[in-house]
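Enquirer: coordinates for the following, if possible.
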Amino acid sequence: MAVTPLTAGDIAKKVIRKEPFFILDVRNEDAFKDWKIEGESVQHLNIPYFDLLDGVEHILEQLPTDRPVVVVCAKEGSSIMVADMLSEEGRDVHYLKGGMKAWSEHLEPVKVGDLKEGGAIYQFVRIGKGCLSYMIVSEGEAAIVDATRMTDVFTSFADELGVKITNVLDTHLHADHISGGRQIAEQAGGTYWLPPKDAAEVTFAYEPLEEGRVITVGKSKIDIQPIYSPGHTIGSTSFIVDGAYLLSGDILFIDSIGRPDLAGLAEDWVGDLRVTLYERYRALAEELIVLPAHFMIIEELNEDGSVSEKLGTLFAKNHGLNIADEKEFRKLVTDNLPPQPNAYQEIRQTNMGKITPDIDAQREMEIGPNRCAVR
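Expert: Model prediction:
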């Protein structure tokens, strides 16, 4: 029977379309429990590869026949071997090309909406990692926000649209993934922007993102207005784009709020987080569409695969925005912190320019789920 590879993009589209499929994950149990492919119509079975070396006959009854079966491992090799064994037993089966490393790196571009005077804003959904990046396009120019290290995705997309990347911005110094912002800016001859309070230890030149400065994209003057919004980091900065979109970085998510501890200063920064969420954001228009830098659970994806919601809706439904008592808020944030992201200190040092790990090391540093949120 047939063994067919599926790319991470193929799997991402199935997840977004809520197509039913079954995953046989042959990684070790701890790796599976920590991080796996999730989706509303996805079913799983985790059996480590080493338990299948003598054959797959004993698991055939556990595999469905009414939906595609996809074998998944860390890098691809083990899944191909298991898929071949299943094929020899008469089963049609798929495997994930590139394994979970490819899943971690895949970016799915989704158009969020049009801008008032022409142009558009696009969201790049890193569905396996929970990261969200943005491209704002107007009159032949583009600005990129919170780019990942897979820089070719952004530059190729800009080429397809026929636009020049003029500005690249990071809402904060990231600790869960390696930024591609500086590299894209250098390649495109654009300006790289970073909040100065997050940039005290960086080793490179940058343009300071400060409240009151307006960054213009295109002749139609699509404005990016920085709003100082500390809490996740001391320099965290949100952007209002075209008076309609709030790019909230890692301060506010659809179903959760940002964690304040990735520099080891949770007790110091939780007060800043509350002021940002309960005062600064409260003063903004409720019709603003919130576009965060991460999502935490697959249910946060909209029908088209994008992640967004009106600010007013979040104030009504997001638990983290509805805790009147400050002590209770502080307790929620500091007592419910998830595990630290893998290698977060090394990721911060990389984003500061202090170390330059090779591509394989960068992949290993980023393996795992989004851990930037508190629910």
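Enquirer: and D360, helix, strand or coil?
Expert: Assigned by DSSP: H, G, I helix; E, B strand; the rest coil, the conformation of D360 is helix.
Enquirer: likewise for V333?
Expert: V333 - assigned by three-state DSSP - is helix.
Enquirer: got it, and R363?
Expert: Look at R363: counting by three-state DSSP, its state is helix.
Enquirer: that one: neighbour count?
Expert: Neighbour count for R363, taken as other CB atoms under 10 Å: 17. Any C-beta I mention is one placed from the backbone N, CA and C, and that applies to glycine too.
Enquirer: for it, which residues are in contact?
Expert: Counting by CB atoms under 8 Å, 6 or more residues apart in numbering, R363 touches K101, S104, E105.
Enquirer: please flag which of those residues sit within helices.
Expert: Residues from the contacts of R363 lying in helices, with DSSP state H as the criterion: K101, S104, E105.
Enquirer: point to the residue nearest the middle of the chain.
Expert: Per CA atoms, centre = their mean, the C-alpha nearest to the average position across the chain is that of C131, at 0.4 Å.
Enquirer: per-residue pLDDT, that one?
Expert: We have a pLDDT of 95 for C131.
Enquirer: that one contacts V307, correct?
Expert: No: assessed by CB atoms under 8 Å, C131 is found out of contact with V307, at 10.4 Å.
Enquirer: how about the strands in the stretch 1-150 of the chain?
Expert: In the stretch 1-150 of the chain, the segments counted as strands under DSSP state E, counting those that start in this stretch are 3-6, 21-25, 42-46, 69-72, 93-96, 108-114, 120-126, 131-138, 141-145.
Enquirer: let me have those strands in JSON lines, extended by distance to Y206.
Expert: Shown next, in JSON lines, are the strands of the stretch 1-150 of the chain (distance: least, CB to CB, whole Å):
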{"stretch": "strand 3-6", "distance to Y206": "40"}
{"stretch": "strand 21-25", "distance to Y206": "41"}
{"stretch": "strand 42-46", "distance to Y206": "40"}
{"stretch": "strand 69-72", "distance to Y206": "39"}
{"stretch": "strand 93-96", "distance to Y206": "37"}
{"stretch": "strand 108-114", "distance to Y206": "26"}
{"stretch": "strand 120-126", "distance to Y206": "22"}
{"stretch": "strand 131-138", "distance to Y206": "18"}
{"stretch": "strand 141-145", "distance to Y206": "14"}
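Enquirer: right, and those - which one's nearest Y245?
Expert: Among the strands of the stretch 1-150 of the chain, the nearest to Y245 by CB to CB is strand 120-126 (6.2 Å).
Enquirer: which positions within that closest one qualify as buried?
Expert: I121, Y122, Q123, F124, V125, R126 (16 or more other CB atoms under 10 Å).
Enquirer: out of the residues you listed, who's nearest I355?
Expert: Closest approach between these and I355, by CB to CB: R126, at 22.4 Å.
Enquirer: what about the nearest residue to that closest one once chain neighbours are set aside, distance to G180?
Expert: Spatially, and ignoring its direct neighbours in sequence, R126 is nearest to L107 (5.3 Å; CB to CB, 6 or more residues apart in numbering). As judged by CB to CB, to the nearest Å, L107 and G180 stand 11 Å apart.
Enquirer: the residue nearest to R126 and D152, how far apart?
Expert: Distance, L107 to D152, by CB to CB: 10 Å.
Enquirer: between those two, which one's more packed in?
Expert: The residue with more neighbours, out of L107 and D152, is L107; 24 against 11, by other CB under 10 Å.
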